[in-house]
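Participant: Requesting a structural model of the entry that follows:
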Amino acid sequence: MTTENINNLRAKILQGIKMSYNKLLAAKQKENGELVISQKGKIVKIKAKKLINQ
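Facilitator: Modelled structure (predicted):
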């Protein structure tokens with residue numbers, strides 16, 4: 001693989017991750033749910049309504 005191919009693949013993967021995160025966030029906001037994330041090594045529950053779509 002060339003460097004250009006690797007960069008294109010990386011960009012597509014990152015775009016897919018962003019799309020799936022936004023879809024998950026929208027679904028959780030719709031049902032007034034929580035997301036469980038790791039923040040500074042601790043597990044934290046955050047209401048989805050407090051997060052902004054990116």
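Participant: all contacts plus neighbour counts: C-alpha atoms, from now on.
Facilitator: OK.
Participant: now the helices: where do they sit in the protein?
Facilitator: 3-30 (DSSP state H).
Participant: where in it is pLDDT low?
Facilitator: Applying pLDDT under 70 to the chain flags the ranges 53-54.
Participant: Let me see the contact set for the residue most central in space within it.
Facilitator: Central residue of the chain (CA atoms, centre = their mean): Tyr21, 3.0 Å from the mean position. Not one residue lies near Tyr21 by CA atoms under 8 Å, 6 or more residues apart in numbering.
Participant: Distance check, it against Leu35.
Facilitator: Tyr21 sits 11 Å away from Leu35, going by CA to CA, to the nearest Å.
Participant: Please enumerate the shared neighbours of those two.
Facilitator: Counting by CA under 8 Å, 6+ apart, nothing touches both Tyr21 and Leu35.
Participant: Tally up the residues packed near the nearest residue to Lys45 once chain neighbours are set aside, please.
Facilitator: Leaving aside its sequence neighbours, Lys45 sits nearest to Val36 (CA to CA, 6 or more residues apart in numbering; 4.5 Å). By other CA atoms under 10 Å, 11 other residues sit near Val36.
Participant: now do Gln29
Facilitator: 19.
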